[in-house]
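*Asks:* Show me how the following folds:
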Amino acid sequence: MTARTAVITVVHGRHEHLAGQLWGLRRQQHPPAVFVAVAMDDPRVSDVVREHADAGWDTRVTSVPSSTGGLPLAAARNAGARTALEAGAEVLVFLDVDCIPSPTLLGRYAGVLRPDGASRQETRSQTGSQTRSPVVAAGEVGYLPPVDHPRRYREPDLASLARPHPARPVLDPDEVRVAQDLRLFWSLSFALDHADWRLLGGFGEEYVGYGGEDTDFGQRIGAAGGELLWVGGATAYHQHHPSPDPPLHHLESIVRNANCFHDRWGWFPMEGWLERFAALGLAGLDKETQRWRVLTPAGRVTSD
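*Replies:* Predicted structure coming up:
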């Protein structure tokens with residue numbers, strides 16, 4: 001029996017990118033039963049979904065307010081999962097709003113995570129684990145080049161345009177590989193079954209704004225004795241948008257969330273960005289408290 005699959009995306013702006021994702025979902029070999037969009041202070045999301053979603057899906061739009069600390073990405077994903085579970089979803093697929101799924105993405109995820117557990121047991125037997133533990137599947141993400149308008153991404157042959165991420169494996173379409181480094185988990189495209197989502201407890205809502213919540217989720221997988229699987233044939237294509245490097249507009253949330261992560265796990269994520277901020281005189285590690293702090297241009301501590 002085919003699993004009841006839900007796709008969950010969180011949205012603030014990027015309405016044309018959302019339309020592109022819905023275009024990709026309409027082309028799935030195994031279409032979703034449920035589509036959930038979580039609008040973060042964005043009342044226009046409902047209109048975009050109404051225009052571009054397939055009439056045969058159980059489509060739901062929910063909303064989550066933002067705070068002074070930034071967009072509630074972790075809380076929004078949790079809200080989307082709750083809505084999908086209320087709709088009877090068995091497999092939860094999370095897609096970043098910038099991602100267009102390849103036609104085989106949902107079928108591959110559902111096949112690896114099918115409720116009878118056969119593929120999960122086969123994978124675990126390769127690693128010697130015999131106890132039930134959570135399994136999270138992550139497909140490849142191909143990065144698309146800049147275009148003059150996101151509508152140009154709605155072309156059948158996106159694979160010929162995309163380039164792979166240099167730090168992630170490139171897989172055969174039917175390949176499944178156990179990840180050796182859980183720090184590489186990301187929320188752009190991943191899936192898990194409903195029982196494993198409940199077991200992991202979702203994303204940590206103490207992370208507000210950009211940064212840290214993905215790495216925290218990866219560590220939760222490890223702490224629960226789980227596995228992250230790289231899944232071939234479940235490619236998502238990332239629609240280009242400008243991304244400052246380092247992300248100065250996320251300075252405060254990255255510093256705050258890095259400290260939050262350190263409190264839980266004992267080490268700092270996003271070290272490359274933190275070091276870049278330090279080199280620019282924008283942040284520094286307090287040697288007495290061992291916490292990162294945002295600095296004024298003159299170097300005076302203002303906040304953490």
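*Asks:* Tell me the secondary structure of Thr83, please.
*Replies:* Judged by DSSP: H, G, I helix; E, B strand; the rest coil, the three-state class of Thr83 is helix.
*Asks:* correct me, but it touches Phe35?
*Replies:* No - using CB atoms under 8 Å, Thr83 is not in contact with Phe35; the gap is 10.2 Å. No exception for glycine: its C-beta is placed from N, CA and C like everyone else's.
*Asks:* any common contacting residues for the two?
*Replies:* In terms of CB atoms under 8 Å, 6 or more residues apart in numbering, Thr83 and Phe35 are both contacted by the residues Arg60.
*Asks:* and the two? which has more neighbours close in?
*Replies:* Neighbours per residue (other CB atoms under 10 Å) separate Thr83 from Phe35, with Phe35 holding more: 26 against 19.
*Asks:* That one bridge partners, please.
*Replies:* Beta-bridge pairing for Phe35 (DSSP bridges): Val7, Thr59.
*Asks:* contacting residues around it?
*Replies:* Neighbouring residues of Phe35 by CB under 8 Å, 6+ apart: 6-7, 22, 25, 49, 53, 57-60.
*Asks:* ok, those residues vs Thr235, which is closest?
*Replies:* Of all the contacts of Phe35, Leu25 has the smallest distance to Thr235: 14.0 Å, by CB to CB.
*Asks:* Narrow the contacts of Phe35 to those that are buried.
*Replies:* 6-7, 22, 25, 49, 53, 57-60 (16 or more other CB atoms under 10 Å).
*Asks:* Would you convert those into TSV that also reports distance to Ala236?
*Replies:* Formatted as TSV, the buried ones among the contacts of Phe35 follow (distance: CB to CB, whole Å):
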residue	distance to Ala236
Ala6	16
Val7	11
Leu22	13
Leu25	11
Val49	19
Ala53	18
Trp57	18
Asp58	22
Thr59	20
Arg60	21
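*Asks:* Nearest to Val231 among those?
*Replies:* Nearest to Val231 among the buried ones among the contacts of Phe35: Val7, at 15.5 Å, using CB to CB.
*Asks:* pLDDT wise, what is the closest one at?
*Replies:* As predicted, Val7 sits at a pLDDT of 98.
*Asks:* wait, isn't it in contact with Gly24?
*Replies:* No - using CB under 8 Å, Val7 makes no contact with Gly24, being 10.0 Å away.
*Asks:* what touches both of those two?
*Replies:* By CB under 8 Å, 6+ apart, Val7 and Gly24 have these common neighbours: Pro101.
*Asks:* And for the closest residue to Arg151 other than its chain neighbours, the neighbour number?
*Replies:* Closest residue in space to Arg151, ignoring its immediate chain neighbours: Glu16 at 6.6 Å, by CB to CB, 6 or more residues apart in numbering. Glu16 has 15 neighbours, counted by other CB under 10 Å.
*Asks:* Can you tell me which helices and strands whichever strand or helix holds Glu16 packs against?
*Replies:* According to DSSP states H and E, Glu16 maps onto helix 15-26. Counting contacts by 3 or more CB pairs under 8 Å, 6 or more residues apart in numbering; DSSP states H and E, helix 15-26 packs against strand 5-11, strand 34-40, helix 45-52, strand 99-101.
*Asks:* Now tell me what touches it from outside.
*Replies:* 7, 9, 11, 31-32, 35, 37, 44-45, 48-49, 51-54, 95, 97-103, 105-106, 149-151, 153-154, 237, 239, 241.
*Asks:* give me that answer again for 7 Å
*Replies:* Contact with helix 15-26 is made by 7, 9, 11, 32, 35, 44, 48, 52-54, 95, 97-101, 150-151, 153-154, 239, as judged by CB atoms under 7 Å, 6 or more residues apart in numbering.
*Asks:* Stretch 182-199 too?
*Replies:* Outside stretch 182-199, the residues that reach it (CB under 7 Å, 6+ apart) are 77, 81, 85, 89-96, 99, 109, 113, 115, 134-139, 141, 167-168, 214-215, 217-219, 221-222, 224, 228, 236, 238.
*Asks:* for stretch 260-272, same thing?
*Replies:* With contacts defined as CB under 7 Å, 6+ apart, stretch 260-272 is touched by 206-207, 211-212, 215-216, 219, 254, 258, 274.
*Asks:* Alpha carbons of it, as PDB, please.
*Replies:* Output in PDB follows, covering the C-alpha atoms of stretch 260-272 (Å, rounded to 0.1, in the frame of the first residue of the first chain):
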ATOM      1  CA  CYS A 260      22.200  28.100  22.200                       C
ATOM      2  CA  PHE A 261      23.600  25.100  20.400                       C
ATOM      3  CA  HIS A 262      26.800  25.200  22.600                       C
ATOM      4  CA  ASP A 263      24.700  25.100  25.700                       C
ATOM      5  CA  ARG A 264      23.100  21.900  24.500                       C
ATOM      6  CA  TRP A 265      25.900  20.000  22.800                       C
ATOM      7  CA  GLY A 266      29.200  21.500  24.100                       C
ATOM      8  CA  TRP A 267      30.600  22.800  20.800                       C
ATOM      9  CA  PHE A 268      30.000  25.600  18.400                       C
ATOM     10  CA  PRO A 269      28.400  25.100  15.000                       C
ATOM     11  CA  MET A 270      28.800  27.600  12.000                       C
ATOM     12  CA  GLU A 271      32.400  28.100  13.100                       C
ATOM     13  CA  GLY A 272      33.400  29.300   9.600                       C
END
